[in-house]
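S.K.: Sharing a sequence plus its predicted fold:
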Amino acid sequence: MSSLALLSLLACADPGPNWPGFRGDGTNRTSASDLPLRWTPTENIAWRLSLPGYGQSSPVVWEGQAFVTAVEGKEKETCVACAVDVASGKLAWEERFPASQKGKNNPSMSRAAPTPVVDVGGVYAFFESGDLVALAHTGGVRWQRSLTPEFGEFKNHHGLGSSLAQTKRAVVILADHGGKSYLLAVEKPTGKTLWKVDRKSGLSWTSPIVTTQGGREIVVVSSNGSLTGYDAGDGAEVWSLGGLSGNLIPSPTLAGDLVFVGAGESGITFDMKAAAKSNCCVRLTAVNGKLGCEKVWEGKRVVLQHASPVVGGEHVYYVTKHGILHCLDLKTGEERYSERLESPCWATPVSAGDRLYCFGKDGVTTVVAAGAEFRPLATNRLWGKDELAKRTTLSKSSPENQFPPLPPQGRDAMEVMLRDAVGDVVYGVAVIPDGFLIRTGTELIRVRRATPEAAKAN
(Lines give C-alpha, C1' and ligand atoms only; values in the text may rest on other atoms or scores of the structure.)
Protein backbone atom coordinates (compact mmCIF):
# COMPACT_ATOMS: atom_id res chain seq x y z
CA MET A 1 0.00 0.00 0.00
CA SER A 2 1.40 3.44 -0.90
CA SER A 3 2.06 6.19 1.63
CA LEU A 4 -0.75 8.30 0.22
CA ALA A 5 -3.18 5.40 0.45
CA LEU A 6 -2.18 4.90 4.05
CA LEU A 7 -3.08 8.53 4.75
CA SER A 8 -6.72 7.61 4.28
CA LEU A 9 -6.38 5.36 7.32
CA LEU A 10 -5.58 8.29 9.58
CA ALA A 11 -9.25 8.85 10.32
CA CYS A 12 -9.39 5.41 11.91
CA ALA A 13 -6.94 6.58 14.57
CA ASP A 14 -8.87 9.76 15.25
CA PRO A 15 -9.49 10.08 18.99
CA GLY A 16 -13.14 11.09 18.39
CA PRO A 17 -14.76 12.78 21.40
CA ASN A 18 -11.66 12.05 23.49
CA TRP A 19 -8.27 13.76 23.25
CA PRO A 20 -6.08 11.33 25.19
CA GLY A 21 -2.60 12.84 25.09
CA PHE A 22 -0.18 15.42 23.77
CA ARG A 23 -1.41 16.44 20.29
CA GLY A 24 -4.32 14.01 20.73
CA ASP A 25 -3.01 10.75 19.30
CA GLY A 26 0.33 12.32 18.38
CA THR A 27 -0.84 13.80 15.07
CA ASN A 28 -2.88 16.88 16.12
CA ARG A 29 -5.43 15.87 13.49
CA THR A 30 -9.17 15.57 14.01
CA SER A 31 -12.19 14.53 11.96
CA ALA A 32 -14.50 16.77 14.01
CA SER A 33 -16.71 18.63 11.55
CA ASP A 34 -18.48 21.09 13.86
CA LEU A 35 -15.53 23.22 14.89
CA PRO A 36 -16.09 26.98 15.07
CA LEU A 37 -14.61 29.21 12.41
CA ARG A 38 -14.88 32.48 14.32
CA TRP A 39 -14.83 33.71 17.91
CA THR A 40 -14.12 36.90 19.85
CA PRO A 41 -13.52 37.70 23.54
CA THR A 42 -17.31 37.88 23.95
CA GLU A 43 -18.65 35.49 21.28
CA ASN A 44 -18.46 31.69 21.05
CA ILE A 45 -16.56 31.52 24.35
CA ALA A 46 -18.50 29.05 26.50
CA TRP A 47 -16.48 29.63 29.67
CA ARG A 48 -13.12 30.63 31.12
CA LEU A 49 -11.72 28.96 34.20
CA SER A 50 -8.82 30.25 36.29
CA LEU A 51 -6.51 27.36 37.13
CA PRO A 52 -4.29 26.90 40.18
CA GLY A 53 -0.60 27.70 39.83
CA TYR A 54 0.98 27.86 36.38
CA GLY A 55 1.11 25.19 33.71
CA GLN A 56 2.49 24.71 30.21
CA SER A 57 0.98 21.28 29.56
CA SER A 58 -1.86 20.76 27.12
CA PRO A 59 -5.28 19.62 28.33
CA VAL A 60 -6.37 16.03 27.72
CA VAL A 61 -10.00 14.94 27.49
CA TRP A 62 -11.91 11.78 28.34
CA GLU A 63 -15.70 11.32 28.36
CA GLY A 64 -16.59 14.94 29.04
CA GLN A 65 -13.80 15.70 31.50
CA ALA A 66 -10.62 17.67 30.84
CA PHE A 67 -7.46 17.06 32.86
CA VAL A 68 -4.65 19.59 33.33
CA THR A 69 -1.52 19.91 35.44
CA ALA A 70 0.28 22.84 37.09
CA VAL A 71 2.97 23.73 39.60
CA GLU A 72 2.89 26.15 42.52
CA GLY A 73 5.44 27.87 44.74
CA LYS A 74 8.66 29.85 44.36
CA GLU A 75 10.57 26.61 43.82
CA LYS A 76 7.76 24.64 42.19
CA GLU A 77 7.46 22.69 45.41
CA THR A 78 3.86 21.63 44.73
CA CYS A 79 2.57 19.60 41.78
CA VAL A 80 -1.12 19.96 40.93
CA ALA A 81 -3.48 17.83 38.83
CA CYS A 82 -7.11 18.75 38.37
CA ALA A 83 -10.22 17.78 36.41
CA VAL A 84 -12.66 20.17 34.75
CA ASP A 85 -16.20 19.42 33.60
CA VAL A 86 -16.20 20.35 29.91
CA ALA A 87 -19.90 21.19 29.78
CA SER A 88 -19.96 23.61 32.72
CA GLY A 89 -16.37 24.74 33.06
CA LYS A 90 -16.41 23.91 36.76
CA LEU A 91 -13.52 22.36 38.64
CA ALA A 92 -14.46 18.74 39.40
CA TRP A 93 -11.50 17.86 41.63
CA GLU A 94 -7.95 18.83 42.47
CA GLU A 95 -5.01 16.78 43.77
CA ARG A 96 -1.71 18.16 45.14
CA PHE A 97 1.64 16.45 45.67
CA PRO A 98 5.00 17.61 47.05
CA ALA A 99 7.65 17.83 44.33
CA SER A 100 10.58 15.41 44.61
CA GLN A 101 12.91 17.83 42.81
CA LYS A 102 12.47 21.57 43.22
CA GLY A 103 13.46 24.25 40.76
CA LYS A 104 13.16 27.97 40.10
CA ASN A 105 9.68 29.09 39.10
CA ASN A 106 10.33 31.60 36.32
CA PRO A 107 9.78 31.94 32.56
CA SER A 108 13.13 30.36 31.69
CA MET A 109 12.17 27.02 33.26
CA SER A 110 9.57 24.38 32.43
CA ARG A 111 6.47 24.71 34.60
CA ALA A 112 4.29 21.59 34.47
CA ALA A 113 5.38 21.23 30.85
CA PRO A 114 4.81 17.47 30.35
CA THR A 115 1.27 16.76 29.09
CA PRO A 116 -0.50 13.85 30.83
CA VAL A 117 -2.29 10.95 29.13
CA VAL A 118 -5.73 9.50 29.86
CA ASP A 119 -7.51 6.27 28.99
CA VAL A 120 -10.46 4.20 30.16
CA GLY A 121 -8.53 3.24 33.30
CA GLY A 122 -7.52 6.68 34.54
CA VAL A 123 -5.24 9.69 34.22
CA TYR A 124 -1.43 9.55 34.27
CA ALA A 125 0.48 12.74 35.03
CA PHE A 126 4.20 13.41 34.97
CA PHE A 127 6.06 16.46 36.27
CA GLU A 128 9.53 17.87 35.68
CA SER A 129 10.24 17.05 39.33
CA GLY A 130 10.25 13.36 38.34
CA ASP A 131 6.92 12.64 40.00
CA LEU A 132 4.66 10.22 38.14
CA VAL A 133 1.13 9.64 39.41
CA ALA A 134 -1.92 7.64 38.33
CA LEU A 135 -5.32 9.08 39.22
CA ALA A 136 -8.89 7.87 38.93
CA HIS A 137 -11.22 9.79 36.62
CA THR A 138 -13.12 10.84 39.74
CA GLY A 139 -9.98 11.88 41.60
CA GLY A 140 -7.87 10.04 44.11
CA VAL A 141 -4.41 8.52 43.74
CA ARG A 142 -4.17 4.97 42.35
CA TRP A 143 -0.39 4.84 42.59
CA GLN A 144 2.51 7.26 42.75
CA ARG A 145 6.28 7.07 42.32
CA SER A 146 9.21 9.42 41.91
CA LEU A 147 11.84 8.80 39.26
CA THR A 148 14.30 11.25 40.84
CA PRO A 149 15.51 9.11 43.75
CA GLU A 150 15.41 6.01 41.53
CA PHE A 151 17.34 7.27 38.51
CA GLY A 152 18.82 10.64 39.53
CA GLU A 153 17.84 14.29 39.28
CA PHE A 154 17.08 15.82 35.89
CA LYS A 155 19.78 18.13 34.57
CA ASN A 156 18.37 20.35 31.83
CA HIS A 157 19.08 24.06 31.41
CA HIS A 158 15.36 24.81 31.24
CA GLY A 159 13.87 21.79 33.02
CA LEU A 160 12.13 18.73 31.62
CA GLY A 161 9.48 19.18 28.93
CA SER A 162 8.84 15.75 27.40
CA SER A 163 5.19 14.65 27.47
CA LEU A 164 3.98 11.13 28.15
CA ALA A 165 3.15 8.65 25.40
CA GLN A 166 1.02 5.57 25.98
CA THR A 167 0.25 2.08 24.79
CA LYS A 168 -2.71 0.07 26.00
CA ARG A 169 -0.53 -1.44 28.71
CA ALA A 170 1.99 1.27 29.59
CA VAL A 171 2.87 4.92 29.89
CA VAL A 172 6.18 5.83 28.24
CA ILE A 173 8.55 8.51 29.56
CA LEU A 174 11.49 9.99 27.65
CA ALA A 175 14.08 11.48 30.01
CA ASP A 176 16.83 12.92 27.82
CA HIS A 177 18.95 15.31 29.88
CA GLY A 178 22.47 16.12 30.99
CA GLY A 179 22.56 13.21 33.40
CA LYS A 180 21.83 9.53 32.82
CA SER A 181 19.16 9.59 30.09
CA TYR A 182 16.63 6.83 29.50
CA LEU A 183 13.36 5.69 27.95
CA LEU A 184 11.01 4.09 30.48
CA ALA A 185 7.77 2.08 30.20
CA VAL A 186 5.60 1.87 33.34
CA GLU A 187 2.69 -0.52 33.74
CA LYS A 188 -0.59 1.38 33.98
CA PRO A 189 -2.41 -0.74 36.60
CA THR A 190 0.51 -0.99 39.06
CA GLY A 191 3.09 1.72 38.34
CA LYS A 192 5.83 -0.90 38.08
CA THR A 193 8.63 -0.67 35.55
CA LEU A 194 8.07 -2.86 32.48
CA TRP A 195 11.37 -1.94 30.87
CA LYS A 196 14.01 0.78 30.91
CA VAL A 197 16.45 1.57 28.12
CA ASP A 198 19.52 3.71 28.77
CA ARG A 199 20.17 6.47 26.24
CA LYS A 200 23.11 8.74 25.53
CA SER A 201 23.06 11.87 27.69
CA GLY A 202 21.86 14.98 25.90
CA LEU A 203 19.53 17.91 26.51
CA SER A 204 16.14 17.52 24.85
CA TRP A 205 12.47 18.39 25.31
CA THR A 206 10.84 16.27 22.59
CA SER A 207 8.04 13.76 23.24
CA PRO A 208 7.85 10.14 22.04
CA ILE A 209 5.01 8.81 19.89
CA VAL A 210 3.63 5.29 19.39
CA THR A 211 2.76 3.62 16.09
CA THR A 212 2.28 0.17 14.57
CA GLN A 213 4.88 -1.05 12.08
CA GLY A 214 4.86 -4.49 10.51
CA GLY A 215 2.31 -5.66 13.06
CA ARG A 216 4.48 -4.55 15.99
CA GLU A 217 3.89 -1.64 18.35
CA ILE A 218 6.82 0.78 18.12
CA VAL A 219 7.81 3.77 20.27
CA VAL A 220 9.37 6.45 18.05
CA VAL A 221 11.80 8.96 19.57
CA SER A 222 13.24 11.97 17.75
CA SER A 223 15.99 13.51 19.87
CA ASN A 224 19.62 14.60 19.93
CA GLY A 225 20.51 13.91 16.32
CA SER A 226 18.64 10.67 15.69
CA LEU A 227 15.23 9.14 15.03
CA THR A 228 14.92 5.78 16.79
CA GLY A 229 12.27 3.07 16.98
CA TYR A 230 11.92 0.86 20.07
CA ASP A 231 9.79 -2.24 20.53
CA ALA A 232 6.95 -1.18 22.82
CA GLY A 233 6.87 -4.63 24.41
CA ASP A 234 10.43 -4.88 25.72
CA GLY A 235 12.21 -1.63 24.77
CA ALA A 236 14.60 -3.25 22.31
CA GLU A 237 15.96 -0.89 19.66
CA VAL A 238 14.47 -1.85 16.29
CA TRP A 239 15.98 0.74 13.96
CA SER A 240 17.68 4.13 14.07
CA LEU A 241 18.36 6.99 11.66
CA GLY A 242 21.23 9.35 12.52
CA GLY A 243 22.65 12.50 11.01
CA LEU A 244 19.93 14.84 12.27
CA SER A 245 20.50 18.22 13.89
CA GLY A 246 18.34 20.42 16.09
CA ASN A 247 15.62 17.82 16.84
CA LEU A 248 15.50 18.86 20.49
CA ILE A 249 12.09 20.49 21.03
CA PRO A 250 9.61 19.70 18.20
CA SER A 251 8.18 16.18 18.37
CA PRO A 252 7.80 13.78 15.44
CA THR A 253 4.44 13.50 13.69
CA LEU A 254 2.85 10.41 12.15
CA ALA A 255 0.93 10.12 8.90
CA GLY A 256 0.38 6.50 7.93
CA ASP A 257 3.82 4.97 7.36
CA LEU A 258 5.46 8.41 7.26
CA VAL A 259 7.15 10.22 10.13
CA PHE A 260 7.78 13.95 9.86
CA VAL A 261 10.69 15.12 11.95
CA GLY A 262 10.72 18.60 13.46
CA ALA A 263 14.05 20.35 14.05
CA GLY A 264 15.22 23.81 14.96
CA GLU A 265 17.60 25.85 17.04
CA SER A 266 19.95 23.79 19.15
CA GLY A 267 21.58 26.36 21.40
CA ILE A 268 22.96 29.87 21.28
CA THR A 269 24.81 29.00 18.07
CA PHE A 270 23.64 26.33 15.65
CA ASP A 271 23.95 25.14 12.08
CA MET A 272 20.83 26.52 10.41
CA LYS A 273 21.41 24.58 7.19
CA ALA A 274 21.73 21.27 9.06
CA ALA A 275 18.62 22.03 11.13
CA ALA A 276 16.63 22.87 7.99
CA LYS A 277 17.66 19.57 6.34
CA SER A 278 16.55 17.73 9.48
CA ASN A 279 12.96 18.89 9.05
CA CYS A 280 12.52 15.82 6.93
CA CYS A 281 10.15 13.01 5.96
CA VAL A 282 11.00 9.41 6.89
CA ARG A 283 9.17 6.28 5.72
CA LEU A 284 8.82 3.31 8.06
CA THR A 285 9.50 0.06 6.22
CA ALA A 286 8.75 -3.62 6.84
CA VAL A 287 10.42 -6.03 4.39
CA ASN A 288 10.30 -9.79 5.00
CA GLY A 289 9.60 -9.16 8.65
CA LYS A 290 12.54 -6.78 9.09
CA LEU A 291 11.59 -3.30 10.26
CA GLY A 292 13.52 -0.24 9.21
CA CYS A 293 13.24 3.32 7.94
CA GLU A 294 14.37 5.40 5.00
CA LYS A 295 14.52 9.11 4.38
CA VAL A 296 12.06 10.30 1.71
CA TRP A 297 13.09 13.95 1.50
CA GLU A 298 15.00 16.62 3.41
CA GLY A 299 13.90 20.15 4.20
CA LYS A 300 15.47 23.20 2.64
CA ARG A 301 14.90 26.26 4.80
CA VAL A 302 12.33 25.68 7.57
CA VAL A 303 13.78 26.01 11.07
CA LEU A 304 11.38 25.36 13.94
CA GLN A 305 11.46 26.08 17.66
CA HIS A 306 8.42 24.97 19.70
CA ALA A 307 5.67 23.60 17.44
CA SER A 308 5.74 20.20 15.73
CA PRO A 309 4.84 19.43 12.10
CA VAL A 310 1.22 18.65 11.25
CA VAL A 311 -0.25 16.96 8.16
CA GLY A 312 -3.35 18.10 6.33
CA GLY A 313 -4.43 16.39 3.11
CA GLU A 314 -1.48 16.23 0.71
CA HIS A 315 0.57 18.81 2.58
CA VAL A 316 2.60 19.08 5.76
CA TYR A 317 2.72 22.36 7.70
CA TYR A 318 5.44 23.85 9.87
CA VAL A 319 4.92 27.00 11.94
CA THR A 320 7.85 28.83 13.49
CA LYS A 321 8.02 30.66 16.81
CA HIS A 322 7.91 33.90 14.81
CA GLY A 323 4.59 32.93 13.24
CA ILE A 324 5.83 31.97 9.77
CA LEU A 325 3.62 29.22 8.32
CA HIS A 326 5.33 26.96 5.78
CA CYS A 327 3.29 24.63 3.59
CA LEU A 328 5.21 21.75 1.96
CA ASP A 329 4.16 19.08 -0.48
CA LEU A 330 3.78 15.84 1.43
CA LYS A 331 5.40 13.65 -1.23
CA THR A 332 8.32 15.84 -2.31
CA GLY A 333 8.95 18.39 0.45
CA GLU A 334 8.70 21.22 -2.09
CA GLU A 335 7.48 24.43 -0.49
CA ARG A 336 4.09 25.66 -1.68
CA TYR A 337 4.09 28.86 0.35
CA SER A 338 5.64 30.66 3.31
CA GLU A 339 3.48 33.33 4.93
CA ARG A 340 3.54 35.32 8.16
CA LEU A 341 0.62 34.93 10.55
CA GLU A 342 -0.60 37.66 12.89
CA SER A 343 0.93 36.06 15.96
CA PRO A 344 3.97 34.00 16.98
CA CYS A 345 2.99 30.36 17.54
CA TRP A 346 4.27 27.98 20.20
CA ALA A 347 1.47 25.42 20.03
CA THR A 348 1.28 22.94 17.15
CA PRO A 349 -1.54 23.84 14.69
CA VAL A 350 -4.64 21.64 14.59
CA SER A 351 -5.47 20.01 11.25
CA ALA A 352 -9.24 19.63 10.83
CA GLY A 353 -10.49 18.57 7.39
CA ASP A 354 -10.15 21.52 5.03
CA ARG A 355 -8.93 23.88 7.76
CA LEU A 356 -5.76 24.52 9.69
CA TYR A 357 -6.05 26.28 13.07
CA CYS A 358 -2.90 28.16 14.10
CA PHE A 359 -3.04 29.14 17.78
CA GLY A 360 -0.84 32.15 18.48
CA LYS A 361 0.91 32.49 21.82
CA ASP A 362 -0.83 35.81 22.53
CA GLY A 363 -4.37 34.49 21.98
CA VAL A 364 -4.69 35.25 18.26
CA THR A 365 -5.80 32.22 16.23
CA THR A 366 -5.53 32.30 12.44
CA VAL A 367 -7.71 29.82 10.57
CA VAL A 368 -6.26 28.93 7.16
CA ALA A 369 -7.75 26.89 4.34
CA ALA A 370 -5.86 23.63 3.87
CA GLY A 371 -4.17 23.40 0.49
CA ALA A 372 -1.31 24.62 -1.64
CA GLU A 373 -2.39 28.29 -1.56
CA PHE A 374 -2.33 30.54 1.50
CA ARG A 375 -5.95 31.52 2.11
CA PRO A 376 -6.78 32.89 5.58
CA LEU A 377 -10.39 32.28 6.59
CA ALA A 378 -10.61 34.03 9.96
CA THR A 379 -8.60 35.75 12.67
CA ASN A 380 -9.88 35.17 16.19
CA ARG A 381 -8.85 36.75 19.49
CA LEU A 382 -9.21 35.53 23.06
CA TRP A 383 -8.43 38.94 24.53
CA GLY A 384 -8.81 42.56 23.55
CA LYS A 385 -5.73 44.76 23.24
CA ASP A 386 -6.02 46.22 26.76
CA GLU A 387 -6.45 42.80 28.34
CA LEU A 388 -3.57 41.40 26.29
CA ALA A 389 -1.31 44.23 27.49
CA LYS A 390 -2.10 43.33 31.10
CA ARG A 391 -1.42 39.66 30.52
CA THR A 392 1.98 40.24 28.92
CA THR A 393 3.32 42.71 31.47
CA LEU A 394 6.17 41.45 33.62
CA SER A 395 5.54 42.02 37.31
CA LYS A 396 9.00 42.88 38.66
CA SER A 397 7.74 42.48 42.21
CA SER A 398 6.73 38.85 41.67
CA PRO A 399 9.45 36.35 42.67
CA GLU A 400 8.04 33.86 40.15
CA ASN A 401 8.95 36.15 37.28
CA GLN A 402 12.51 37.09 38.26
CA PHE A 403 14.97 36.15 35.56
CA PRO A 404 18.01 34.11 36.59
CA PRO A 405 21.51 35.55 36.02
CA LEU A 406 22.53 35.19 32.39
CA PRO A 407 26.03 34.40 31.09
CA PRO A 408 27.68 37.07 28.89
CA GLN A 409 27.58 34.74 25.85
CA GLY A 410 24.16 34.81 24.25
CA ARG A 411 22.74 37.20 26.85
CA ASP A 412 20.80 39.28 24.32
CA ALA A 413 19.23 36.21 22.70
CA MET A 414 18.30 34.72 26.06
CA GLU A 415 16.77 37.99 27.29
CA VAL A 416 14.55 38.13 24.21
CA MET A 417 13.49 34.51 24.76
CA LEU A 418 12.69 35.14 28.41
CA ARG A 419 10.77 38.33 27.69
CA ASP A 420 8.66 36.49 25.12
CA ALA A 421 7.82 33.81 27.70
CA VAL A 422 6.38 36.27 30.22
CA GLY A 423 2.64 36.57 30.67
CA ASP A 424 -0.30 34.36 29.90
CA VAL A 425 0.95 32.37 26.93
CA VAL A 426 -1.22 29.97 24.88
CA TYR A 427 0.63 26.68 25.29
CA GLY A 428 -1.69 23.91 24.11
CA VAL A 429 -5.06 22.91 22.72
CA ALA A 430 -7.39 19.94 22.94
CA VAL A 431 -10.14 19.30 20.39
CA ILE A 432 -13.66 18.55 21.63
CA PRO A 433 -16.61 17.65 19.35
CA ASP A 434 -17.86 21.24 18.98
CA GLY A 435 -14.71 23.26 19.56
CA PHE A 436 -11.50 23.60 21.49
CA LEU A 437 -10.10 23.76 24.99
CA ILE A 438 -7.28 26.31 24.96
CA ARG A 439 -4.70 26.17 27.74
CA THR A 440 -2.80 29.24 28.83
CA GLY A 441 -0.43 29.39 31.76
CA THR A 442 -3.23 30.33 34.14
CA GLU A 443 -6.53 29.52 32.41
CA LEU A 444 -8.54 26.91 30.55
CA ILE A 445 -10.87 28.38 27.92
CA ARG A 446 -13.62 26.60 26.03
CA VAL A 447 -14.28 27.85 22.49
CA ARG A 448 -17.33 26.38 20.76
CA ARG A 449 -19.44 26.94 17.68
CA ALA A 450 -22.38 29.32 17.97
CA THR A 451 -25.41 27.90 19.71
CA PRO A 452 -28.74 28.04 17.81
CA GLU A 453 -29.89 30.82 20.12
CA ALA A 454 -26.80 32.90 19.47
CA ALA A 455 -27.01 32.26 15.74
CA LYS A 456 -30.60 33.55 15.67
CA ALA A 457 -29.58 36.64 17.61
CA ASN A 458 -26.97 37.44 14.99
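M.R.: All right, it came through fine.
S.K.: Thr190: how many residues sit nearby?
M.R.: Thr190 is surrounded by 11 other residues when neighbours are defined as other CB atoms under 10 Å. Bear in mind the C-beta positions are built from the backbone N, C-alpha and C, glycine included.
S.K.: I'd like the distance from it to Pro376, if you could.
M.R.: From Thr190 over to Pro376 the distance is 50 Å, taken as CB to CB, to the nearest Å.
S.K.: try Asp271
M.R.: From Asp271 across to Pro376, the span is 33 Å (CB to CB).
S.K.: in the protein, which spans are helices?
M.R.: Taking DSSP state H, the helices of the chain run over residues 3-7, 147-151, 272-278, 385-391, 411-420, 452-457.
S.K.: what about the protein, any weak spots by pLDDT?
M.R.: The model of the chain has pLDDT under 70 over residues 1-16, 266-270, 391-423, 451-458.
S.K.: show me where the stretch 101-250 of the chain has strands.
M.R.: Using DSSP state E, counting those that start in this stretch, the strands of the stretch 101-250 of the chain run over residues 117-119, 122-126, 131-135, 141-146, 165-166, 170-175, 181-187, 193-199, 209-213, 216-223, 226-231, 237-241.
S.K.: show me what contacts the residue lying closest to Gly179 once chain neighbours are set aside?
M.R.: By the measure of CB to CB, 6 or more residues apart in numbering, the closest residue to Gly179 outside its immediate chain neighbours is Lys155, 4.5 Å from it. Taking CB atoms under 8 Å, 6 or more residues apart in numbering as the contact definition, Lys155 lies against His177, Gly178, Gly179.
S.K.: Make JSON lines out of those residues and add neighbour count.
M.R.: Formatted as JSON lines, these follow (neighbours: other CB atoms under 10 Å):
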{"residue": "His177", "neighbour count": "23"}
{"residue": "Gly178", "neighbour count": "13"}
{"residue": "Gly179", "neighbour count": "14"}
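S.K.: Return the closest of those residues with respect to Thr332.
M.R.: For the contacts of Lys155, the minimum distance to Thr332 (CB to CB) is 36.3 Å, reached by His177.
S.K.: Now for the closest one: which residues touch it?
M.R.: Phe154, Lys155, Asn156, Leu160, Ser201, Gly202, Leu203, Ser204.
S.K.: one more time with 6 Å
M.R.: Neighbour list for His177: Phe154, Lys155, Asn156 [criterion: CB atoms under 6 Å, 6 or more residues apart in numbering].
S.K.: Repeat that for Val319.
M.R.: By CB under 6 Å, 6+ apart, the contact list for Val319 reads Ala307, Leu325, Cys345, Pro349, Cys358.
S.K.: if you look at those residues, which of them are in strands?
M.R.: Of the positions in these, Leu325, Cys358 sit in strands, assigned by DSSP state E.
S.K.: from the contacts of Val319, which single one is nearest Gly256?
M.R.: Within the contacts of Val319, distances to Gly256 taken as CB to CB reach their minimum at Pro349, with 19.1 Å.
S.K.: Now for that closest one, how many residues are close by?
M.R.: Applying other CB under 10 Å, we find 27 other residues in the vicinity of Pro349.
S.K.: Provide a list of residues in contact with the nearest residue to it once chain neighbours are set aside.
M.R.: The shortest distance from Pro349 to any residue other than its chain neighbours is 4.6 Å, reached at Cys358 (CB to CB, 6+ apart). For Cys358, the contact set (CB under 6 Å, 6+ apart) comprises Val319, Leu341, Cys345, Pro349, Thr366.
S.K.: which one of those residues is nearest Leu291?
M.R.: The shortest approach to Leu291 among the contacts of Cys358 belongs to Pro349, at 30.1 Å (CB to CB).
S.K.: farthest-separated two in the contacts of Val319?
M.R.: The most widely separated members of the contacts of Val319 are Ala307 and Leu325, with 10.0 Å between them, by CB to CB.
S.K.: quick one, which of these two is more surrounded?
M.R.: Ranked by neighbour count (other CB under 10 Å), Ala307 and Leu325 place Ala307 first, with 25 against 21.
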